[in-house]
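K.L.:
Fold the following for me, if possible:
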Amino acid sequence: MDTTNRTMSGDSRAPEEAEDASREETKPRKARKASSSLRGSNGVRYFLAANDTGNHPSVLLGEEFSSEDEVLVASFQKGLAFYRVETWKARAEKRGRNMVLRKQS
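P.N.:
Predicted coordinates for the structure are as follows:
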């Protein structure tokens, strides 16, 4: 939605405020459907906790954020925990006669 549509519809908020408000109204996304543009170059991703966790034994990820600063603000505003997820792959290296596993981002 562009700025002219917001103004014509009677939304008097600034474009940044309206965008922030619409972001808050979105439903939590699942981690595997998250946009690749939100992934950091070092394999770090940030998520709010899903607010309907209850006594669920596993971790439920909510909305994904592009930076730690953004998720800190959202965590404070909504009173929810947040998660920092790092992605790694195992890589085998030959050291003499031995194989050594190393983690690679």
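
K.L.:
Next SSE downstream of the one helix or strand residue 84 maps to?
P.N.:
Assessed by DSSP states H and E, residue 84 sits inside strand 82-86. Counting by DSSP H and E, the element after strand 82-86 in chain order, helix or strand, is strand 89-95.

K.L.:
can you give me the mean pLDDT across the strand holding residue 84?
P.N.:
For strand 82-86, the mean pLDDT works out to 94.

K.L.:
now could you export just the CA positions of it as PDB?
P.N.:
Extracted C-alpha coordinates of strand 82-86, given in PDB (Å, rounded to 0.1, in the frame of the first residue of the first chain):
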ATOM      1  CA  PHE A  82      13.000 -13.500  21.600                       C
ATOM      2  CA  TYR A  83      15.300 -16.100  20.100                       C
ATOM      3  CA  ARG A  84      18.600 -15.700  18.200                       C
ATOM      4  CA  VAL A  85      19.000 -18.700  15.900                       C
ATOM      5  CA  GLU A  86      22.400 -19.500  14.300                       C
END
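
K.L.:
Quick check on residue 68: phi, psi?
P.N.:
phi -70, psi -40 (degrees, to the nearest 10).

K.L.:
does it really touch residue 42, like I thought?
P.N.:
No - checked against C-beta atoms under 8 Å, the pair residue 68 and residue 42 is beyond contact range at 11.7 Å. The C-beta positions use only the backbone N, C-alpha and C, and glycine is treated the same way.

K.L.:
Neighbour count for these two, which is higher?
P.N.:
residue 68 (13 against 8; other C-beta atoms under 10 Å).

K.L.:
Which elements pack onto the strand holding residue 84?
P.N.:
Of the remaining helices and strands, those touching strand 82-86 by 3 or more C-beta pairs under 8 Å, 6 or more residues apart in numbering; DSSP states H and E are strand 44-49, strand 61-65, helix 68-78.

K.L.:
So in that sheet, which strands flank the second one, and in what orientation?
P.N.:
It refers to strand 61-65. strand 44-49 (antiparallel) (DSSP bridges).
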